[in-house]
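Trainee: Dropping a prediction and its sequence here:
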Amino acid sequence: ANEVLGFIGLGQMGSRMASRLLDAGHALVVFDTVEACVAPLVARGARRAESPAQLADLADTVLASLPTPDIVRAVGIGPDGVLRGQRARRFVDFSTTGPRVAQQVAAAFAERGRASIDAPVSGGITGAEKGTLAIMVSGPRAEFDALEPVLRLVGKPFFCGEGAGQAQVLKLCNNLLAAAALAVTSEALAMGVKAGLDPSLMCEVINSSSGRNSATQDKFPRAVIPRTFDFGFTTALSLKDVGLCVDEAGAMGVPMVVGSAVRQMLAVTSATFGPESDFTSVAKLVEGWAGV
Ligand code: NAD
C-alpha cells in the first residue's frame, strides 16, 4: 500500500481510472499534456509531474492511457519518457496501440531490468467510471500477479500470455468486432427505418433474436436512436484500432475482407463528421446514403 502509482494520459478513460485509484487511497502522481485534464485530479489530492520521466522519478508503477502508438512509444521509451525515470520498475499500458509498440517498449524495459505490461481495456467510459473494464494483460506472469490488486480497482483482469503484445492482438480483434457490429447494424437499421419500422422496436426484437450484438444492445439504444451520438469513443480512435487490426492481419497473412470495408466506412465517417465525432456517427453516414 506504500507503493506510489503514476498515471499518464488523463482523457476520457484515464481520468476515470485514475480517479478510482485515488478513491481507493493510493498515492498518485499524474501527467497529461493538457492542463485541464490534470487540475481536477490535483484538486483531489494527486501530485502533478511535469514530464513522464519526472513522474517515473516519483512513482513505483506507471500506468498510461494514451491515444496512439507513437505517443505510447514516446511516453514510454522516448527522450523524456518513463524509462528515463529512476524509481519506476513497471510500466502498464492500458492504451489500444497494437502489438508492435508493446513489443518495442517491453524489449526496451527488459533491457534495463524493468517490466512493461500491455493491458488494453474494453468497456468504455462507463466501465472506466464503474471499475468494470475487461483488462487484457500480457507480459511476465509474476508482474501480472504483483499488479492484480491494482488492476482489480479498475476492472477484471484476464491474463492473455507471456508474449508482449498478445493482449494487444486480442484487443484489436475485439474492437474489430465492435466496429463491424456498429457498421453492419447501421445498414440493417437504415433499411428497416426506410421500410417504416421503428428503430427501438427493431433493437428490442433483434436483442431477443440471433442478430443481437453490442450495437443493438447498447450503442443504438444509448447514442443513435436518441440522436445524441455521445457514446464516448471518437471516430479517430476507432479508425486507429481497425486500421491497426487490418494492418497487423495483413502482415500476418490473415485476409480481412469485412475488416477492410469497416475501416473505409470509419475513414469516410471521419472525413464527413470529423475525427473527433463519436464513432456512432457511422450510422448517420449510412442513413445519408440510404436517404432516410
Ligand atoms: P482521450 O483522447 O480522451 O485521452 C488521451 C489523453 O492522453 C488526453 O487527455 C491527452 O491530452 C493525453 N495525451 C496525449 N498525448 C500525450 C502525451 N504525449 N503525454 C501525456 N498525455 C498525453 O482518449 P481515451 O478515449 O481516453 O482513450 C485512451 C486510450 O484508451 C486509447 O488508446 C483508446 O483506444 C483506448 N480505449 C478507449 C475507450 C473509450 O471508450 N474511450 C475504450 C477502450 C480503450
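Mentor: Yep, it's here.
Trainee: Please list the residues of the stretch 101-250 of the chain that sit near the ligand.
Mentor: Val121, Ser122, Gly124, Ile125, Gly232, Phe233, Leu237, Asp241 (C-beta under 6 Å from any ligand atom). Placement of C-beta: from N, CA and C, glycine included.
Trainee: Turn the residues you listed into CSV, including secondary structure.
Mentor: Converted to CSV, those look like this (DSSP: H, G, I helix; E, B strand; the rest coil):
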residue, secondary structure
Val121, strand
Ser122, strand
Gly124, helix
Ile125, helix
Gly232, coil
Phe233, coil
Leu237, helix
Asp241, helix
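Trainee: List the contacts of the residue of the stretch 151-292 of the chain found nearest the ligand.
Mentor: Nearest residue of the stretch 151-292 of the chain to the ligand, counting by C-beta to the nearest ligand atom: Phe233, 3.9 Å away. By C-beta atoms under 8 Å, 6 or more residues apart in numbering, the residues touching Phe233 are Gln12, Gly124, Ile125, Asp278, Phe279.
Trainee: Go through the residues you listed and name the one nearest Val75.
Mentor: Of all the contacts of Phe233, Val75 sits closest to Gln12, with 17.1 Å by C-beta to C-beta.
Trainee: Would you check how far apart the closest one and Leu41 are?
Mentor: Note on Gln12: its distance to Leu41, by C-beta to C-beta, to the nearest Å, is 14 Å.
Trainee: Give me the distance between the nearest residue to Asp32 once chain neighbours are set aside and the ligand.
Mentor: Excluding the flanking residues, the one nearest Asp32 by C-beta to C-beta, 6 or more residues apart in numbering is Leu10, at 4.3 Å. Applying C-beta to the nearest ligand atom, to the nearest Å, the value for Leu10 to the ligand is 5 Å.
Trainee: hang on, the earlier thing: between Gln12 and Leu41, point out the one with more neighbours.
Mentor: Taking other C-beta atoms under 10 Å, Gln12 and Leu41 do not tie; Leu41 has more neighbours (23 against 17).
Trainee: Quick one: mean pLDDT for the helix or strand hosting that one?
Mentor: Leu41 is located in helix 35-43, with elements delineated by DSSP states H and E. Helix 35-43 shows a mean pLDDT of 97.
Trainee: now do stretch 148-159
Mentor: Average pLDDT, stretch 148-159: 98.
Trainee: cool, stretch 47-60 as well?
Mentor: pLDDT averaged over stretch 47-60 gives 98.
Trainee: What are the contacting residues of that stretch?
Mentor: With C-beta under 8 Å, 6+ apart as the test, stretch 47-60 has contacts from 3-6, 8, 27-31, 38, 42, 62, 75-76, 78, 80-90.
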